[in-house]
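[1] Predicted model and sequence follow; I will ask about them next.
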Amino acid sequence: MVGPPDIRSRSMQIVGLLWLFFLAVGMFVAATGSTVHLVIGILDGIAAGTLAWRSFWNGIWLSGTGLTARADRFTRHLQWSEIQRFEFRGLAGLGAYRSDGKWVRLLDFGGVRPHIEAEGAAQLLNEHLAASRHSDAA
């Protein structure tokens, strides 16, 4: 995963900004109180900073052999041969049906009209999947 992701959810960048706000709150609490406030503020800052970093780097990276999907709570690696198709399922997010029929979430999409962004991403992923199958057959 070098460089920016090939597919990114814009709403997760907004979530990253929200986590940065909680990072600032944690640092403020740490600086303005007792030892207990210091510990709570530092722990809040570490958690919020980690989630902010992961939110800003949410996305799907494509390669010749498969993809890597990184969300704020998980990272998944799938080979093209493991995937049947990609689909957007509303609040469940963008995911893939694996060869065994199991659906796995790859990326969350939120915002006012997430289906437009996510359906375009699913279409792009299905095109890459078809191209990888075509190159394997040749």
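    Sure, I can see it. Numbering: from 1, shown residues only.
[2] Distance from the longest helix along the chain to the middle of the chain?
    Across the chain, the longest stretch assigned as helix under DSSP state H is helix 114-137. Put simply, helix 114-137 sits 17 Å off its chain's centre (C-alpha atoms, centre = their mean, to the nearest Å).
[3] what's it packed up against?
    strand 59-62, strand 83-88, strand 94-98 (3 or more C-beta pairs under 8 Å, 6 or more residues apart in numbering; DSSP states H and E). Just so you know, the C-beta spots here come from the backbone N, C-alpha and C atoms, and that holds for glycine as well.
[4] and the angle from that helix to strand 94-98?
    In terms of direction (axes from the mean of the first three to the mean of the last three C-alpha atoms, to 10 degrees), helix 114-137 departs from strand 94-98 by 30 degrees.
[5] sorry, back to before: tabulate the helices and strands packed on helix 114-137 in CSV, adding columns for distance to residue 42.
    Shown next, in CSV, are the helices and strands packed on helix 114-137 (distance: least, C-beta to C-beta, whole Å):
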stretch, distance to residue 42
strand 59-62, 29
strand 83-88, 39
strand 94-98, 35
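[6] what's the least confident stretch among those strands?
    For those, the weakest mean pLDDT is recorded on strand 59-62, namely a mean of 89.
[7] For the residue in the chain sticking out farthest from the centre, report the pLDDT, please.
    The centre of the chain is farthest from one residue, residue 34, which by C-alpha atoms, centre = their mean lies 36.7 Å away. The confidence metric pLDDT takes the value 86 at residue 34.
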